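In: Give me a model of this one.
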Amino acid sequence: MFGNKAKERSAEHQAEVDRLSQGLALYQTQSCPFCIKVRREIDRLNLPIELRDVSRNPHYRKEQIEGGGRATVPCLKITDDQGKVTWMYESEDINRYLRRRFENVS
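Out: Numbering: from 1, shown residues only. Prediction:
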């Protein structure tokens, strides 16, 4: 989309990215321009991150507010291997985090 080609990886590296992405979920809406920006980065990095549309599913909105304390989108829910949850807001912060974590996984 818009000239951004999805990152290609070996099957082994993509499997590692898929494993690391399991703890991530993006709370978003379809029309939010900042959400679109994050979804483009997710597509560019070829990440299988679950998209949770808070405007279409009230459970997701409730979960986001209870967990992160805010209803602002986009919001990336990060669950680490020990089960600790971090809620990250702001599209630039989310994209920076995704690039730092996944850009160099060949």
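In: For Q30, which residues are in contact?
Out: 53, 55 (C-beta atoms under 8 Å, 6 or more residues apart in numbering). Any C-beta I mention is one placed from the backbone N, CA and C, and that applies to glycine too.
In: Kindly recompute the last result at 10 Å.
Out: Contact analysis of Q30 by C-beta atoms under 10 Å, 6 or more residues apart in numbering lists 36, 39, 51, 53, 55-56.
In: show me where the protein has helices.
Out: Taking DSSP state H as the criterion, the chain contains helices spanning 11-21, 33-44, 58-68, 91-102.
In: could those go into a markdown table alongside mean neighbour count and mean pLDDT?
Out: Putting the helices of the chain into a markdown table (neighbours: other C-beta atoms under 10 Å; pLDDT from 0 to 100) gives the following:
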| stretch | mean neighbour count | mean pLDDT |
| --- | --- | --- |
| helix 11-21 | 13 | 88 |
| helix 33-44 | 18 | 97 |
| helix 58-68 | 15 | 97 |
| helix 91-102 | 17 | 96 |
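In: picking that back up, ok, the contacts of Q30 vs T29, which is closest?
Out: Nearest to T29 among the contacts of Q30: S55, at 4.5 Å, using C-beta to C-beta.
In: hang on, isn't the closest one packed against S31?
Out: Yes: under the criterion of C-beta atoms under 10 Å, S55 makes contact with S31 at 8.3 Å.
In: So between these two, which is more surrounded?
Out: Higher neighbour count among S55 and S31: S55, with 13 against 8, using other C-beta atoms under 10 Å.
In: related to what we said a few turns ago, out of the helices of the chain, which is closest to D80?
Out: Shortest distance between D80 and the helices of the chain, using C-beta to C-beta, is found for helix 11-21: 10.3 Å.
In: how big is the angle separating that closest one from helix 33-44?
Out: On the basis of axes from the mean of the first three to the mean of the last three C-alpha atoms, to 10 degrees, helix 11-21 is oriented at 150 degrees to helix 33-44.
In: what does helix 11-21 rub up against?
Out: Contacts of helix 11-21 with the rest of the structure, by C-beta under 10 Å, 6+ apart, involve 7-10, 42, 45-50, 81, 98, 101-102, 104-106.
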